[in-house]
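K.L.:
Need a 3D model of the following:
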Amino acid sequence: MRFDTSQHMKLSQSMKLAPRMIQSMEILQMPLLQLEERIAQELESNATLELAEPGDGALAMSTDGVSTRLENGVHDVEGDRPMQVDEGSAQDDFERLDSFEAGLPDAAENAFDDSDRPVSSSQESIRQEEFTDYRSNNGDERDAKGEAMANTAAPSASLVEQLRDQWRMAELPPDLTELGHLLISYIEEDGYLRTPLATIGDRAPARADGTKPTVEELEKALQAIQLLLEPPGVAARDVRECLLLQLDALDAGELPGTMGGAAGSPSSSQLKIVRRLVEHHMEDLSQNRLPKIVEKTGLSMEELKQALEHMRYLSLAPAKRLVSEANPGIIPDAVIEYDSDRDRYIAYLNDSRLPNLRVNQEYAGLARDRTAPRQTRDFLKKNLSNAAWLIDAVEQRRRTLLRVINAIVDAQRDYFDYGPQALRPLPMTQVAEQLGIHVATVSRAVADKYVMTPRGVVALRGFFTGGTQNDAGEDVSWDAVKAALKEVIDAEDKTDPLSDDALADEVKKRGVEIARRTVAKYRSQLGIPSARLRRTF
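P.N.:
Sure, this is the predicted structure:
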């Protein structure tokens, strides 16, 4: 066996993203609410980052070494009007982030001394008492931070936490209480307990005597949960049981105001009809087979409709009464308005909610003060670097997002003039080539973001879609086809709704030929049921 040592040359290409580059992409992808939370977290954790009050002429650091003056909530490079970005200089979006490869932004390097070096973990954990005096002299800045962070909503208690709090108040035997906590941990977000009791018993930890809970014991604990915990219907194993639990509570007077409304409070005889329908005819109800129910029950169609009207006030997801929707209301990241004087649509960012940020100059001066302890200066330099990076990343997000929106406005003018049926096919690659940026940048810029338009609040990603051609040879997006399909369904006779084949024929009359299976797919995406379920009697 022979061992040789030799040298070889290899040419290869690879892409390496600095951590700062990755974080800047994350900032670009964040919708407005998430960005507000991120800024609030940074204000809380980074003492060198502070709020710039409107009109104080504060300087915001930027990684290109240029300080931007903030006046009245907007950057005065754009004057008093909303910030607009020229579509030239397309290569500037991420070029400045190359400076982060070295570890610190240029502005931060210029602000501090020239002896930068990595900060060890022991230095990162330095006690902040060494510059407490500087923080105490800046009380107004801390108050402003507190106000900004106080505007962030606190997370609400989860469904399981609220149910366990109720369960702790119940005076029950210890064994039953323990089984109740076990079952509550299996309740899903909508309030249902879909895991079989036998499975829960098998997964449960063994008791001191080595036994596990039986199905009968779990059933007893489940009945106690369904009886004692609110809202009624929680811990049901299916829709039928959920509705019956709510009807039991209504009979006992524990569910006030739930089945009133326009139809009025139901009488005892009407409640009996509703219970009868839930117990014996749920399958026919789910398939909208009302004539079949009339035939089986002997009810008139009018009595059946009245009972169904009362059923609409029962909840199919009882847990929503305890836990609000996780998604907050939509706040558009930008606004598109029509300028009648110039016959064009203009776009501006809806970022007035974002605070103006700046770097604390006292800490910046302390970081340059060679008489201060070295560990203190290193600690401050790291935090000042993070603050400068955040300010620059937010500014870069503004520029990139506005450039992409302006490109969308130019490409989709017909949509804003005539509505969804005039939406044109627009691939992201087209916008990326136009702006001279990567298609992934366009994708991140429009992710989870909405824009207020004369046509309502619209998801930015919805403007990017493929399409086909109509009989006139014009490009039509698939979303425009969906809009046409929805318009046909809205105008149909609900007593005799159109089948998917008939819907395809109606859309074809509008100049676009699609197959029946395409109609079924688009109808499902729009949340529109089949013709049988759309029929009214």
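K.L.:
CA atoms for contacts and neighbours, from now on please.
P.N.:
OK.
K.L.:
excluding its backbone neighbours, what's nearest residue 500?
P.N.:
residue 516 (5.7 Å; C-alpha to C-alpha, 6 or more residues apart in numbering).
K.L.:
ok, that neighbour - contacts?
P.N.:
500, 501, 503, 504 (C-alpha atoms under 8 Å, 6 or more residues apart in numbering).
K.L.:
now it: how far from residue 292?
P.N.:
Applying C-alpha to C-alpha, to the nearest Å, the value for residue 516 to residue 292 is 28 Å.
K.L.:
Return the set of buried residues in the helix or strand hosting residue 38.
P.N.:
Taking DSSP states H and E as the criterion, residue 38 maps to helix 32-45. For helix 32-45, a neighbour-count test (16 or more other C-alpha atoms under 10 Å) marks 32, 33, 35, 36, 37, 39, 40, 42, 43, 44 as buried.
K.L.:
what's the closest of those to residue 478?
P.N.:
Using C-alpha to C-alpha, residue 32 is the member of the buried residues of helix 32-45 that lies nearest residue 478, at 28.2 Å.
K.L.:
correct me, but that closest one touches residue 331?
P.N.:
Yes - using C-alpha atoms under 8 Å, residue 32 is in contact with residue 331, at 7.1 Å.
K.L.:
For residue 414, which three-state class applies?
P.N.:
Here residue 414 is recorded as helix under DSSP: H, G, I helix; E, B strand; the rest coil.
K.L.:
Enumerate every residue touching it.
P.N.:
Applying C-alpha under 8 Å, 6+ apart, the residues near residue 414 are 422, 423, 424.
K.L.:
Which single one of those is nearest to residue 211?
P.N.:
Among the contacts of residue 414, and counting by C-alpha to C-alpha, the member closest to residue 211 is residue 423, at 64.6 Å.
K.L.:
What about residue 210, how many residues nearby?
P.N.:
Using other C-alpha atoms under 10 Å, residue 210 has 7 other residues around it.
K.L.:
Kindly apply the preceding question to residue 219 instead.
P.N.:
So residue 219, with other C-alpha under 10 Å, has 15 neighbours.
K.L.:
Please tell me how far it sits from residue 180.
P.N.:
10 Å.
K.L.:
Tell me the pLDDT of residue 382.
P.N.:
We note a pLDDT of 91 for residue 382 in this prediction.
K.L.:
State whether residue 336 is indeed within a strand.
P.N.:
Yes - assessed by three-state DSSP, residue 336 belongs to a strand.
K.L.:
How about the contacts made by it?
P.N.:
345, 346, 347, 348, 451, 452, 453, 454 are the contacts of residue 336 under C-alpha under 8 Å, 6+ apart.
K.L.:
can you redo the buried residues of helix 32-45 as CSV with pLDDT?
P.N.:
Below are the buried residues of helix 32-45 laid out as CSV (pLDDT from 0 to 100):
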residue, pLDDT
32, 89
33, 87
35, 90
36, 90
37, 90
39, 91
40, 91
42, 90
43, 90
44, 90
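K.L.:
of those residues, closest to residue 301?
P.N.:
Closest to residue 301, out of all of the buried residues of helix 32-45 and judged by C-alpha to C-alpha, is residue 33, at 49.0 Å.
K.L.:
Please name the nearest non-neighbouring residue to the closest one.
P.N.:
That would be residue 331: by C-alpha to C-alpha, 6+ apart, it lies 7.5 Å from residue 33.
K.L.:
what are the phi and psi values for that neighbour?
P.N.:
phi -120, psi 110 (degrees, to the nearest 10).
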